[in-house]
Every structure is written in C-alpha cells, then in structure tokens.
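> Generate a structure from the sequence data that follows.
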Amino acid sequence: MIVFLKGCNFKCRYCQNFCIAQSFSPVAVDELLSEIRRNKEFINALIFSGGEPTMHPAALKTLAADAKQQGLQVGIETNGSFPKVLETLISMELLDGLFIDVKAPLADLEKYTQITGVNITVACIRRIREAINVGHRALIRRKLTELELRTTLFRNMLSDTEIKELVNQFPDIPYALQQGRTEPCPQSGLLQMRRSELIDVAKQCRRALKVRTQERGDEDIF
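Residues are numbered from 1 along each chain as shown. Below is the predicted model of the structure:
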C-alpha cells in the first residue's frame with residue numbers, strides 16, 4: 001500500500017504527483033490508520049511517498065509505528081533533504097526500506113536547481129549526502145533491509161558523463177536508473193529515453209545497476 005503525503009520542498013520539472021503535492025484535501029491520520037488496518041490481510045508493506053513524506057515527521061511516526069504493530073514492513077521514498085527524520089525512524093526501528101531520489105550530480109548546484117525548480121544551496125546538498133550516509137550505515141548495520149538510490153532520466157536532462165559521475169559516486173549502494181515518463185508533464189519540454197538508451201548508459205557505468213522502464217520493469221545490468 002502506498003500513502004502519498006502532501007507538500008514538497010522541491011518543484012521538479014518531471015514530477016508525476018504535483019496534484020498530490022499541492023492537494024488541499026488531505027485525509028486525516030486516523031482515517032489512514034483505519035484504511036491500513038482494513039487492508040492488512042492483503043498487503044505486506046506500507047510505502048510513504050509524496051510530495052515529500054519526511055515533511056510530516058509526526059504523521060510518519062504514528063503511521064509507521066501502527067504499520068509495524070500490524071506486522072507490515074515500512075518504506076519511504078524521499079528526496080533526502082530531511083535526514084534527521086530518517087535517522088529518527090531508523091533508530092526507532094520503524095523503517096525497513098529507504099529509497100532516495102538523487103536528481104543530479106551532487107556537486108552541481110546549478111543542475112540540481114534546474115531540475116528541482118528551487119534554489120539548491122550547499123546546505124541542502126549536505127543534508128542529501130547525510131541522508132545517503134544515514135541509509136548506508138543503517139544498511140551495513142542491518143537496521144535497514146533495503147536501500148536504493150535512484151535517478152529519473154530524460155534524454156535532454158543529464159549527459160552520459162553526468163550520469164556516470166553520479167552513479168559511480170556511490171559504488172557500494174544499490175542504484176536504479178529510471179525511465180522518466182512525459183505524459184504527466186507534457187509542458188516540461190523533456191524527452192523520454194528509450195529502454196535501449198538507458199541500458200547503454202548503464203553499461204557505460206561499469207557497475208551493477210538496475211534499469212527501470214515502462215516496457216520491462218526492473219532489469220539488472222552488470
């Protein structure tokens with residue numbers, strides 16, 4: 001089950017959930033708890049997405065704690081800009097899977113700003129690095145069962161060189177290159193990459209990667 005939490009500190013050009021991020025009709029936490037419990041026989045995990053779910057630490061703690069009591073695994077999809085929230089959830093043993101969306105090479109503030117639609121500062125990049133480190137330490141210590149960094153790609157967004165630089169900055173962390181889709185954001189000016197293009201750049205990275213496309217889903221590239 002995926003729970004989308006409203007609001008985001010980024011305004012990414014390719015966001016598929018911008019309507020959710022800007023929603024003015026949120027559902028109460030108690031109603032979400034009831035929905036999770038009603039469906040617990042049919043699901044094995046609860047994933048928090050958004051928007052940016054870590055902007056709601058109190059709701060995350062309440063929902064994640066209840067999910068764990070119901071015997072469910074808990075995961076979070078995040079842009080990584082609120083590492084302390086992730087660290088707290090891990091320390092409370094309320095998080096099993098962490099999926100961090102890395103938008104561009106972390107040293108390139110201009111590119112990160114261009115993609116996210118907000119002014120990205122050195123402090124923000126530092127927090128994203130910290131979130132990655134928090135997840136990596138937790139994975140090594142078996143406080144997490146799954147950690148994935150992921151980057152959504154379009155043909156005219158990042159060069160092959162930039163993609164290789166980004167992916168190889170984290171050689172010990174599982175990484176996925178995702179095929180961005182243009183249907184939800186037709187005015188963005190972005191061009192969808194073919195599966196063959198994604199596989200080609202993944203092979204150039206010379207490390208184990210996952211390629212995620214509409215055509216084939218997840219494919220392991222070595």
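> Show the pLDDT at Gln187.
Reading off the confidence values, Gln187 has pLDDT 67.
> meant to ask about Ala104, not that
Here, the pLDDT recorded for Ala104 equals 95.
> Then Arg127?
98.
> got the CA coordinates for the strand or helix carrying Glu31 in CSV?
Element membership for Glu31 (DSSP states H and E) is helix 29-38. In CSV, the C-alpha atoms belonging to helix 29-38 read as follows (Å, rounded to 0.1, in the frame of the first residue of the first chain):
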residue,chain,number,x,y,z
VAL,A,29,-4.3,10.3,10.1
ASP,A,30,-7.0,8.3,11.9
GLU,A,31,-8.7,7.6,8.6
LEU,A,32,-5.4,6.4,7.1
LEU,A,33,-4.9,4.1,10.1
SER,A,34,-8.3,2.6,9.6
GLU,A,35,-7.6,2.0,5.9
ILE,A,36,-4.3,0.3,6.6
ARG,A,37,-5.8,-2.0,9.2
ARG,A,38,-8.7,-2.8,7.0
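> which other helices and strands contact it?
Under the contact criterion of 3 or more Cβ pairs under 8 Å, 6 or more residues apart in numbering; DSSP states H and E, helix 29-38 touches helix 57-69. (Glycine included, C-beta is placed from N, CA and C.)
> Would you mind pulling up the elements that the helix it packs on packs against?
Against helix 57-69 (3+ Cβ pairs under 8 Å, 6+ apart) you get strand 2-5, helix 29-38, strand 45-50, strand 73-78, helix 83-91.
> Disregarding flanking residues, what is the spatial nearest neighbour of Ile199?
Val211 (5.7 Å; Cβ to Cβ, 6 or more residues apart in numbering).
> in the protein, what spans have low per-residue confidence?
Counting by pLDDT under 70, the ranges of the chain that qualify are 21-24, 186-187.
> other SSEs contacting the longest strand seen in the chain?
Criterion DSSP state E: the longest strand present in the chain is strand 146-153. Helices and strands touching strand 146-153, by 3+ Cβ pairs under 8 Å, 6+ apart, are strand 97-101, helix 122-140, helix 160-167, strand 175-179.
> which residues sit in contact with the nearest residue to Leu139 once chain neighbours are set aside?
Distances taken as Cβ to Cβ, 6+ apart place Leu147 nearest to Leu139, at 4.4 Å, with adjacent residues excluded. Counting by Cβ atoms under 8 Å, 6 or more residues apart in numbering, Leu147 touches 97-100, 135-136, 138-139, 173-174.
> I'd like the distance between Leu147 and Thr113.
Separation of Leu147 from Thr113 (Cβ to Cβ, to the nearest Å): 26 Å.
> Buried ones in stretch 33-53, by neighbour count?
Neighbour counts over stretch 33-53 (16 or more other Cβ atoms under 10 Å) mark 36, 40, 46-53 as buried.
> Stretch 193-202 too?
Residues of stretch 193-202 classed as buried by neighbour count (16+ other Cβ under 10 Å): 193, 198-199, 201-202.
> cool, and stretch 58-65?
Within stretch 58-65, the residues scored as buried using 16+ other Cβ under 10 Å are 59-60, 62-64.
> where does Thr113 land in three-state SS?
helix (DSSP: H, G, I helix; E, B strand; the rest coil).
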